[in-house]
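>>> okay, here's the prediction I keep looking at, along with the sequence it came from:
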Amino acid sequence: NQMIVFNVTRVMNPSSVTGAANVVVETKDTMGGMIDGPTNVATDVITAGALASPMSWVAGTRTPGVTDTATLSFNVTGSVGPGGKFVVELPSASAVGCTRSWSMPAVPSVEVSSPGGMEMTGEWEAHASTLEITTSVNSSAIAEGSRVVVRVYNVRTPSCLHTTTAANVSSLDRGGHVVDKPTGVAIASMSKGALGTPLRWTAANSVPAVTTDSTVSFRSVGGIKEGGRIKVVLPSVGWSMPSAPVIEFSRPSAVNATAAWNAGTRTLLITTTSGEIAEGAAVELIVKDTVTPPSVTESGSASVETYEKAMVANRTVWRAIDAGSLSTSAIAAGMLSNVSWVLSASTPGVTNNATLEMVLSGRIGGNDGIKIVLPEVPSAAHSWSLGGSDHRRVAEFVEPSAGGAGVSRTVWDHASRTLLVITDNSTSIVSGS
């Protein structure tokens, strides 16, 4: 017996997965009469293909909680006929560890870049985090091995920074049967958003050592849900505040929050208790009763970060959203007011007592100084000076009374006619005193 082997070219497999079937083989003479057969020959099982690289799902803005256009791209293995679809399974909120995962409108707008001339529609099933992209029945088939690139509009990224790396994408024929099985498609990595201007920490009264309200201003990139957090780390120049400062939101006005201040780390944690901050929102909040640095200070830089609250294995974790740097107020010298210098005797060349009265702009505390420079009198044989040889304690407080202020020591420099009064640790003279 002679074995006959021949090839049949351009055989198109069924459009989806199928089991083994039978090819019927007959041989006939020139008149159509049967010679051999019919004989059944088993076909191969048709198994699902897989999408091929390069494959990616890329958000237009790759930061948390932002709405933009996402681009899906891959190569098909099997052809997809008119009315076929692509099913995109994006990670759920629990998979990414955020309160919200990927989202979009129920019927998102989609646009096909490749192949050309294709029309597709989108349908989003939020409960399953699944996007179905269906080809028009009036479009041509997508040929085997074709490159597919689809833009999906108004896609919102997950609400926090996460590391989930893949979506599962499959293709189906018009009847809903599998062509290419679910294949892992890489999701482009994300990073913290960069908070927008104005980025400021502004003290209402910018003189040293005063208690005043400070305003924090920035523009969010990603949204902050109720229970989220804003973290501010102030520069090490002496800013302070109560341990639980009162927070008042000017914008958005519907947001309420509590706060905690850690003096050791100079960190203010603001936690929202009601209301949400939308993506791209202007944020302005007032921190009550902050205390400015104790002396003249240049404008500095405070870090600011936003977070959302998430639960992982029954414990609270704070997932990053955005970050930035606040410009803090420069602190300029205040002005003394109602200043007077009154002598107990006003005749030349006598030693007497002088009383200095003034109202402070900034607070004076322990180990601070009061500097008094006496004038030069060129026409006199000697100018202003201090009598005696011991100048270690030549000043005392009359107001505030005992217990509110005290003098640790005094230093007199004859050449510059300067008296420096150093306060003791009991001293706490508030601004306006």
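Here it is on my side, so go on.
>>> pull out the buried positions in stretch 366-376.
Using 16 or more other CB atoms under 10 Å as the test for burial, stretch 366-376 gives 368, 370, 374. Glycine gets a C-beta too; all of them are placed from N, C-alpha and C.
>>> just stretch 255-265 next, same as before
Buried residues in stretch 255-265, counted by 16+ other CB under 10 Å: 255, 257, 259, 261.
>>> next: stretch 171-187.
So, applying 16+ other CB under 10 Å, buried residues of stretch 171-187: 171, 172, 173, 174, 178, 179, 180, 181, 182, 183, 185, 187.
>>> quick check, distance from it to the centre of its chain.
The chain centroid and the centroid of stretch 171-187 are separated by 35 Å under CA atoms, centre = their mean, to the nearest Å.
>>> over to stretch 351-358?
With CA atoms, centre = their mean, you get 57 Å for stretch 351-358.
>>> and if you look at stretch 92-104?
Distance, centroid of stretch 92-104 to centroid of chain: 17 Å (CA atoms, centre = their mean).
>>> what average pLDDT does that stretch get?
Average pLDDT, stretch 92-104: 93.
>>> identify the residues contacting it?
The contact list for stretch 92-104 (CB atoms under 8 Å, 6 or more residues apart in numbering) reads 64-65, 90-91, 122, 124, 126, 129, 131, 152, 154-160, 162, 164, 225, 308-310, 312, 317, 319.
>>> related to what we said a few turns ago, in the buried residues of stretch 255-265, find the pair that's most separated.
Maximum pairwise distance among the buried residues of stretch 255-265 (CB to CB): 19.1 Å, between 255 and 261.
>>> follow-up on the earlier one: just the buried residues of stretch 171-187: which are in strands?
Mapping the buried residues of stretch 171-187 onto strands (DSSP state E) picks out 171, 172, 178, 179, 180, 181, 182, 183, 185.
>>> contacting residues around the fourth one?
Neighbour list for residue 179: 15-17, 48-49, 76-80, 84, 170-173 [criterion: CB under 8 Å, 6+ apart].
>>> tell me where the stretch 1-150 of the chain has helices.
93-96 (DSSP state H, counting those that start in this stretch).
>>> all strands of it, in order?
Counting by DSSP state E, counting those that start in this stretch, one finds strands in the stretch 1-150 of the chain at the ranges 22-28, 34-42, 49-50, 52-59, 67-75, 85-89, 110-114, 120-125, 130-135, 147-156.
>>> partners of the third one, with directions?
Under the criterion DSSP bridges, strand 49-50 sits next to strand 178-186 (parallel) in its sheet.
>>> return the partner strand as PDB; C-alpha atoms alone will do.
The C-alpha trace of strand 178-186 is given here as PDB (Å, rounded to 0.1, in the frame of the first residue of the first chain):
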ATOM      1  CA  VAL A 178     -13.000  32.300  23.600                       C
ATOM      2  CA  VAL A 179     -10.500  33.100  20.800                       C
ATOM      3  CA  ASP A 180      -7.400  34.300  22.900                       C
ATOM      4  CA  LYS A 181      -7.600  33.300  26.500                       C
ATOM      5  CA  PRO A 182      -7.200  35.800  29.400                       C
ATOM      6  CA  THR A 183      -3.600  37.100  29.200                       C
ATOM      7  CA  GLY A 184      -1.800  39.200  31.700                       C
ATOM      8  CA  VAL A 185      -1.300  42.700  30.300                       C
ATOM      9  CA  ALA A 186       1.200  45.000  32.100                       C
END
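>>> any idea which residue sits dead centre in this protein?
Taking CA atoms, centre = their mean, the centroid of the chain lies closest to residue 322, which sits 0.8 Å from it.
>>> give me phi/psi at that one?
Here is the backbone geometry of residue 322 (degrees, to the nearest 10): phi -130, psi 170.
>>> distance of it from residue 187?
Applying CB to CB, to the nearest Å, the value for residue 322 to residue 187 is 20 Å.
>>> with residue 71 instead?
For residue 71, the distance to residue 187 equals 11 Å [CB to CB].
>>> any residues in contact with both of the two?
Counting by CB under 8 Å, 6+ apart, the contacts common to residue 71 and residue 187 are 56, 57, 58.
>>> excluding its backbone neighbours, what's nearest the last one?
Same thing as residue 58. Leaving aside its chain neighbours, residue 58 sits nearest to residue 188 (4.2 Å; criterion: CB to CB, 6 or more residues apart in numbering).
>>> which ones are touching the one you found?
By CB under 8 Å, 6+ apart, the contact list for residue 188 reads 56, 57, 58, 59, 62.
>>> OK, contacts around the fourth one?
Which is residue 59. Shown in contact with residue 59 (CB under 8 Å, 6+ apart): 66, 68, 70, 155, 157, 188, 190.
>>> coming back round to it: tell me which of the buried residues of stretch 255-265 is nearest to residue 426?
Of all the buried residues of stretch 255-265, residue 426 sits closest to residue 261, with 25.1 Å by CB to CB.
>>> who wins on neighbours among the shared contacts of residue 71 and residue 187?
When neighbours are taken as other CB atoms under 10 Å, the top entry among the shared contacts of residue 71 and residue 187 is residue 57 (22 neighbours).
>>> contacting residues around that one?
With contacts defined as CB under 8 Å, 6+ apart, the neighbours of residue 57 are 70, 71, 72, 88, 90, 167, 185, 186, 187, 188.
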